[in-house]
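> have a look; sequence and predicted model below, questions after that.
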Amino acid sequence: MQKGRDFVKAICRSFFTLRSNTPISLMDQSTRYRYSPTLKWNPMVEEYFIKAYGADHFSRISTALTHPSCYSCIRVNTLKSTSDAVIEKLLEIFKERGMCNVAVQECTGSAESLKAIKSISKCQYPGLDYVVFVKGSGPHAIHYGDNEGKPLKEVIVSRKCAEAVLRGAQVYVPGVLACSAHVERGDAVAVSVAVEQSGPDGGWGIAMTRGTVLQGSQADPYYFERDGFYIGQATAMMSRAGMFRASEGVAVDMKERVFRLPSFYDLLEGEIFLQNLPSIITAHALDPQPGERILDMCAAPGGKTTAIASLMKDKGEVVAVDRSHNKVLGIQKLAAEMGLSCITTYKLDALKSVCHGAESDSLPNTCSVEDVQSIDGFDAKLLSEKNYMSVNPDVRLVIT
Ligand SMILES: C[S@@+](CC[C@H](N)C(=O)[O-])C[C@H]1O[C@@H](n2cnc3c(N)ncnc32)[C@H](O)[C@@H]1O
């Protein structure tokens, strides 16, 4: 099993890495502050994909992989609302916030800030009309302002933070990795993202420690690393010292983003749930029926749990298990917000819930032994040991 894991890790390491596509010698202030990462593929993998897809198609796939999703996917809680009602409310809210010039499917504006949302539409796949897509816009060229030839003040955020920012979030304190010296509340800052790079030992990591001071000059060890990774402009909400001293709060308020999608934070609470389409499809494919009893063994934050409960029309029981106490409380809160009473929650390490030593060696017919060996931790245990789940023909198993 360990051998298999090491092999998968080795493949991942050699698969691709992100790099800026400007030769160092050509960099200057005018090209520096932009978003243009490219993927550098392992030559063997690249050759394989070019053969499989053709050079042009592969190049487009490679570019698309450097961009965030251009839409947000919302699951409507059909027990409380309808897709049409949600679309109407969202259009109203975004119009009030000056984010679009509203018309369903066709919403464009004149000023930059009006171009955030391109369209809001219902999913067209039969049976999935409870899914609503909000399409954002980008990439946008950001004007970072002229600092009379001097380097701009800057903030570097983690990749996870940047992904959230490009989906409408603000930069919170834990997301900040590095900041220029002398940044004060109210200062304009250029925000870039630190992407993990593969090191000489083959491992991945960020080569900076939290709290690093950015110098802005070419002598700065991270200067070239952040070229092509600028995700927008912001206003500092606290001083540099505050960013690394505070334990929470908005560190910088994003004013312009290279990709724009609205934030759904605190929006239509209980009526909608922001959830990626594959997660929605997973619950949909399970086809849960009212009155059934369904076990979700790694349930928090409760996305699939609540999707399943809604599809069951809140009749029957969804047993939601998670090993984290606080996360279980989160599932309970979400269920209450969504008005779902058929969910029972347990704080439990699912590894300890598996009953060992059942009679048969058989595995669920959806997984081969090879599949099982490539799965880590809990899933491997669930499938590979002679356990209850693998021998009970009534159990439908979904790995998510
Ligand atoms: C990716 S999240 C699951 C997302 C969730 N299924 C959803 O759709 O919203 C993984 C969760 O599994 C939980 N988890 C990981 N190992 C576990 C274990 N051994 N027993 C119970 N929960 C576990 C983690 O606490 C975490 O909340």
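Received, thanks.
> OK, contacts around the residue most central in space within the chain?
The centroid of the chain falls nearest to Glu163 when counting by Cα atoms, centre = their mean (6.0 Å). Glu163 sits next to Pro68 when contact means Cβ atoms under 8 Å, 6 or more residues apart in numbering. Placement of C-beta: from N, CA and C, glycine included.
> which residue is the nearest non-sequential neighbour of the residue of the stretch 101-250 of the chain found nearest the ligand?
The nearest approach of the stretch 101-250 of the chain to the ligand comes at Lys160, 13.5 Å away (Cβ to the nearest ligand atom). In space, and not counting its chain neighbours, Lys160 is closest to Gly175: 7.1 Å by Cβ to Cβ, 6 or more residues apart in numbering.
> what number of residues lie near that neighbour?
Residues near Gly175, counting by other Cβ atoms under 10 Å, number 24.
> ok, now how distant is it from Ile156?
Going from Gly175 to Ile156 by Cβ to Cβ, to the nearest Å gives 10 Å.
> so Leu165 sits against Val191, correct?
Quick fix: residue 165 is Val, not Leu. Yes: using Cβ atoms under 8 Å, Val165 is in contact with Val191, at 7.4 Å.
> overlap of the contact sets of the two?
Counting by Cβ under 8 Å, 6+ apart, the residues touching both Val165 and Val191 are Val157, Val171, Ile231, Gly232, Met254.
> and these as TSV, adding neighbour count, pLDDT and distance to the ligand?
Formatted as TSV, the shared contacts of Val165 and Val191 follow (neighbours: other Cβ atoms under 10 Å; pLDDT from 0 to 100; distance: Cβ to the nearest ligand atom, whole Å):
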residue	neighbour count	pLDDT	distance to the ligand
Val157	26	97	22
Val171	27	97	23
Ile231	25	96	25
Gly232	25	95	28
Met254	20	94	26
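> restricted to strands, list those residues.
Val157, Val171, Ile231, Gly232, Met254 (DSSP state E).
> kindly report the residues of the stretch 301-400 of the chain close to the ligand.
Within the stretch 301-400 of the chain, the positions adjacent to the ligand are 301-304, 321-324, 327, 349-351, 378, 400 by Cβ under 6 Å from any ligand atom.
> try it again at 5 Å.
Residues of the stretch 301-400 of the chain lying near the ligand by Cβ under 5 Å from any ligand atom: Pro301, Gly303, Lys304, Asp322, Arg323, Ser324, Lys327, Asp349, Ala350, Leu351, Phe378.
> how about the nearest residue to Gln289 once chain neighbours are set aside, what does it touch?
Nearest residue to Gln289, sequence neighbours excluded (Cβ to Cβ, 6+ apart): Met312, at 6.6 Å. With contact set as Cβ under 8 Å, 6+ apart, Met312 has these partners: Pro288, Gln289, Pro290, Gly291, Glu292, Ile294, Val318, Cys342.
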